[in-house]
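Asker: Turn this into a model:
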Amino acid sequence: MEWMNDISENGKVLYFLSLIELIVDKIKDPDAYDIAKNAIEKSWEWILKKNVSADDLYSFLENIDENDILSHLQMEKDNYKECVLMCIADALACISYEAYTYENAEYFPETIETVGEDTVDEFNNTFIKVYGSDQIMNDIKNYLMAHHSKFNKNDIERESIYAFIHEKLSE
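Answerer: Next up, the predicted model:
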């Protein structure tokens, strides 16, 4: 995942957000689906406005009420649905990590402390299992390298990444 070192923090978040948007509808449990959709919306709000705290983003992944993605993941019995939830959990962990880093947090929750290359690799491998191909991952990676490198501080537009993904999906 060497290429991730060359994109902006926002570019990293865009990578995960773009991909989980493609699989979130595969969650069949309505409660887990609502949590995931709300997490995605708050993540978009964070990336566009930076007005959502890292703690708020993290709470979709894990919280004391056990109304979170990790709790649903632990209860899931179906292997495919478990993969979908694992993929979303890894993405939310990576997104939360970027938010805590942005806030210059002195301490990270234990789950977030462990986020690193292994988390990204697990996300990618699980995404391929769920989605069935890595082509869209490569396309998004190339898009982000061109538009969101550390040296190219383009504004983030949700519509532009959506348009790009839909164009690739229709090919």
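Asker: so what's residue 128 up against?
Answerer: When contacts are counted by Cβ atoms under 8 Å, 6 or more residues apart in numbering, residue 128 is found next to 134, 137. (C-beta placed from N, C-alpha, C; glycine too.)
Asker: which element is it on?
Answerer: Secondary-structure assignment from DSSP states H and E places residue 128 in helix 117-131.
Asker: List the buried residues of that helix.
Answerer: In terms of neighbour count (16 or more other Cβ atoms under 10 Å), helix 117-131 has its buried residues at 119-120, 123-124, 126-128, 130-131.
Asker: after it comes which helix or strand?
Answerer: Using DSSP H and E, the helix or strand that follows helix 117-131 towards the C-terminus is helix 135-147.
Asker: Check which helices and strands that next one sits against.
Answerer: Packing partners of helix 135-147 (3 or more Cβ pairs under 8 Å, 6 or more residues apart in numbering; DSSP states H and E): helix 9-23, helix 117-131, helix 158-170.
Asker: I'd like to know which of those helices lies nearest to residue 83.
Answerer: Go through those one by one with Cβ to Cβ and the one that ends up closest to residue 83 is helix 117-131, at 5.1 Å.
Asker: Can you check what angle separates that closest one from helix 135-147?
Answerer: Following axes from the mean of the first three to the mean of the last three Cα atoms, to 10 degrees, one obtains 130 degrees for the angle between helix 117-131 and helix 135-147.
Asker: measure stretch 19-31 end to end?
Answerer: 21 Å (Cα to Cα, to the nearest Å).
Asker: Reformat the buried residues of helix 117-131 as a markdown table; add pLDDT and distance to residue 45.
Answerer: A markdown table is the format used below for the buried residues of helix 117-131 (pLDDT from 0 to 100; distance: Cβ to Cβ, whole Å):
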| residue | pLDDT | distance to residue 45 |
| --- | --- | --- |
| 119 | 95 | 23 |
| 120 | 95 | 23 |
| 123 | 97 | 21 |
| 124 | 96 | 25 |
| 126 | 97 | 25 |
| 127 | 97 | 23 |
| 128 | 96 | 28 |
| 130 | 96 | 25 |
| 131 | 94 | 25 |
